[in-house]
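Asker: Next comes the sequence, and after it the predicted model I'd like to discuss.
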Amino acid sequence: MLRKLFFSLIIIIFIFSVFLECDFDYLKHPLSIWIYIISLLLIIISSFLEEILRFLRFKNQLSKKKFYEKKIKTINHGFDGILELDNKIPKWWQQLFYITIVISIIYFCSFFFTNFANPQFEYKRAYKNQLKKIKEFEKKQPQASIETVKFDKKFINDGKKLFNENCATCHNIDGGGNIGPNLTDDYWINHKEKTLIKNVFSIIWNGSKKNKVMRAFGASGEIKGNDIQKLSSYIYFINKNNNKPKNPKFPEGDKIILE
């Protein structure tokens with residue numbers, strides 16, 4: 001009996017883990033726990049009833065023998081002395097079938113009438129949790145601003161990835177300029193700040209009034225302050241680097257040496 005209970009519980013947990021794509025957090029959900037309890041109670045009750053019925057049937061060995069002789073049935077056809085028995089399926093198999101029916105009904109009702117295992121609800125909940133984690137992270141790790149931004153070599157690689165994703169279309173992959181200006185020379189259309197790193201940060205954050213295509217990535221929330229600092233560090237690096245683009249765009253704006 002204990003073996004039946006153990007294997008039945010393992011089967012129930014396995015079924016749920018398959019249904020829930022191995023997200024074991026759902027195994028602790030109140031509905032899951034109730035299913036475990038109900039399933040175990042049904043198994044225990046059926047096992048006890050089976051033992052009681054067996055005890056009543058087999059009061060003595062003779063009645064047991066007669067029962068099995070009567071129980072063994074054959075289908076009226078055979079070949080070469082081989083007979084086909086007509087016996088019922090094992091009890092554990094039948095119980096497992098009933099368990100799957102109960103689980104399917106509960107799962108069907110929970111899917112359509114509750115938020116349990118509903119993909120849309122799961123997505124919204126995961127999205128809210130992600131936003132919550134981001135806010136908590138930002139509290140511990142304040143975003144860079146025009147006052148705190150500074151060049152750091154460790155930001156260059158990440159800044160390059162961000163540049164390729166957000167800036168390369170307009171400024172070319174090497175920063176030499178395309179429809180946007182060349183970022184590797186000393187000519188600047190916008191020059192509000194006294195240092196290069198702050199000036200670049202300011203342009204990415206506030207956008208350019210002289211060029212509407214250059215929108216305010218930071219002020220709109222499209223790119224966070226820490227990522228703008230990485231971008232600014234990369235642009236600072238390619239601007240001060242001696243290896244300039246082979247085919248840069250013609251100069252635009254005023255020539256200003258920013259350190």
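Answerer: Arrived safely.

Asker: Contact partners for the residue nearest the centre of the chain?
Answerer: Nearest to the geometric centre of the chain sits residue 126, at 7.9 Å (Cα atoms, centre = their mean). Neighbouring residues of residue 126 by Cβ atoms under 8 Å, 6 or more residues apart in numbering: there are none. For every residue, glycine as well, the C-beta is placed using N, CA and C.

Asker: so which strand or helix has it?
Answerer: helix 119-140 (DSSP states H and E).

Asker: Could you identify the helix or strand that succeeds that helix?
Answerer: Taking DSSP H and E, what comes next after helix 119-140 is helix 156-166.

Asker: Enumerate residues external to the helix or strand following that next one that contact any of its residues.
Answerer: Sequence order places helix 168-171 as the next helix or strand after helix 156-166, per DSSP H and E. Contacts to helix 168-171, defined as Cβ under 8 Å, 6+ apart, come from residues 163, 177-183, 213-214.

Asker: Sitting in strands, which of those do you find?
Answerer: Secondary structure defined by DSSP state E assigns none of the contacts of helix 168-171 to strands.

Asker: Start from the N-terminal end of the chain and give the strands.
Answerer: Using DSSP E, strands in the chain cover 74-79, 82-85, 187-188, 254-255.

Asker: Low-confidence bits of the protein, can you list those?
Answerer: In the predicted model, the chain carries pLDDT under 70 at residues 1-27, 57-79, 83, 85-86, 116-117.

Asker: Contact partners for residue 167?
Answerer: 180, 231.

Asker: Count the residues that sit near residue 189.
Answerer: Per other Cβ atoms under 10 Å, the neighbour tally for residue 189 reads 15.

Asker: One more: residue 230?
Answerer: Residue 230, neighbours per other Cβ under 10 Å, totals 24.

Asker: try residue 255
Answerer: Other residues lying near residue 255 total 9 when counted by other Cβ under 10 Å.

Asker: Make sure it is actually in contact with residue 189.
Answerer: No. At 11.5 Å, residue 255 and residue 189 do not qualify as touching, with contact defined as Cβ atoms under 8 Å.

Asker: Find residues that contact each of these two.
Answerer: Common contacts of residue 255 and residue 189 (Cβ under 8 Å, 6+ apart): none found.

Asker: how close does residue 216 sit to residue 208?
Answerer: Separation of residue 216 from residue 208 (Cβ to Cβ, to the nearest Å): 9 Å.

Asker: likewise residue 124?
Answerer: Taking Cβ to Cβ, one finds residue 124 at 37 Å from residue 208.

Asker: swap in residue 253?
Answerer: Residue 253 is 10 Å from residue 208, where distance means Cβ to Cβ.

Asker: cool, residue 248 as well?
Answerer: Where residue 208 is concerned, residue 248 sits at a distance of 19 Å (Cβ to Cβ).

Asker: so residue 160 touches residue 231, yeah?
Answerer: No. Counting by Cβ under 8 Å, residue 160 sits too far from residue 231 to count as a contact (9.1 Å).

Asker: So between the two, which is more surrounded?
Answerer: Neighbours were counted for residue 160 and for residue 231 using other Cβ under 10 Å; residue 231 has more, 26 against 20.
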